[in-house]
Structure formats: structure tokens, C-alpha cells
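**Student:** take a look and give me a structure for this.
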Amino acid sequence: MAAAVATEESKYKRNPEVFVRPKMPAINPEKQADSCQEAKRGYQQMFQALIGELHVSLHVEERLRAKAA
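**Tutor:** Predicted coordinates:
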């Protein structure tokens, strides 16, 4: 690991205008919380839709069984 760091530093010393370290984006806690809430809402909506489809299919199946009997 130390060798990799030393190699990066020597590359930078030889040619500083070419070697650019990638910058990590700053994490904004408010935006992170908002995106987490959006994801949570999306999953809740998807789950509610699946439950609704399940209720409908069970209702249709009950009606078909009632007609057959």
C-alpha cells in the first residue's frame, strides 16, 4: 500500500499538470436524508401497489370459484 502511495507521489512530482487526484464529492447530509426519504417513499408505494394487485387477484379468484360452484 505504501508503495502505491509513493508511486503516485513520484508521478505527481515528475509531471504535476497531468496527474490530478480525483476529488470526492462533498456529502450534504440534508440531501442524503432527502434522497433516503424519497427512496423509502418509492419502496412504500411499490409495496402498496403489489399488495393492491394481490387483493384484486384474490378477489377475482374468489368470484371465479363462486361462479364455478
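
**Student:** can you tell me the SS state at residue 26?
**Tutor:** Put simply, residue 26 is coil when judged by DSSP: H, G, I helix; E, B strand; the rest coil.

**Student:** neighbours around it, how many?
**Tutor:** 6 (other C-beta atoms under 10 Å). All C-beta atoms are positioned from the backbone trio N, CA, C, and that covers glycine.

**Student:** now do residue 39
**Tutor:** Counted with other C-beta under 10 Å, residue 39 comes out at 10.

**Student:** remind me which helix or strand it belongs to.
**Tutor:** Element membership for residue 39 (DSSP states H and E) is helix 29-68.

**Student:** could you give me the average pLDDT of that helix?
**Tutor:** Across helix 29-68, pLDDT averages out at 90.

**Student:** how many residues are close by residue 57?
**Tutor:** 10.

**Student:** kindly apply the preceding question to residue 49 instead.
**Tutor:** For residue 49, using other C-beta under 10 Å, the count is 10.
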